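J.: Here is my input, please return the structure:
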Amino acid sequence: MFNVILKKSTIALLTWVGEDTYSQRLASITTGVFVAQFFNTGILLLLVNANLKEHLPGFIAVLFQGKYYDYNP
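T.: Reported below is the predicted structural model:
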């Protein structure tokens, strides 16, 4: 559900920006939606499950204390 909301808001924002041609607008919408959904589903899930308390400062490491360390057997 969050990806649908993310997609609709990205399309609305990029339409509001306005491009010179229709094809430029479609290209920017396609790129923007891809990057937003890729970050949401790929990178964010990886960061949430990562245990980075050995590599980050203390105030940031509190957010990233997942169960997966750098190396797993």
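J.: Tell me how many other residues crowd S9.
T.: S9: 12 surrounding residues under other CB atoms under 10 Å. No exception for glycine: its C-beta is placed from N, CA and C like everyone else's.
J.: element containing it?
T.: According to DSSP states H and E, S9 maps onto helix 2-17.
J.: which helices and strands sit right next to that helix?
T.: helix 22-38 (3 or more CB pairs under 8 Å, 6 or more residues apart in numbering; DSSP states H and E).
J.: pLDDT below threshold where in the protein?
T.: 52-58, 60-73 (pLDDT under 70).
J.: Just give me the residue right at the centre of it.
T.: The geometric centre of the chain, computed from its C-alpha atoms, lies nearest to F39 (CA atoms, centre = their mean), at 2.2 Å.
J.: Could you give me the buried positions within stretch 28-37?
T.: Within stretch 28-37, the residues scored as buried using 16 or more other CB atoms under 10 Å are S28, I29, G32, V33, A36, Q37.
J.: out of everything not next to it in sequence, what's closest to the second one?
T.: Put plainly, it is I29. The shortest distance from I29 to any non-neighbouring residue, by CB to CB, 6 or more residues apart in numbering, is to L14 (4.9 Å).
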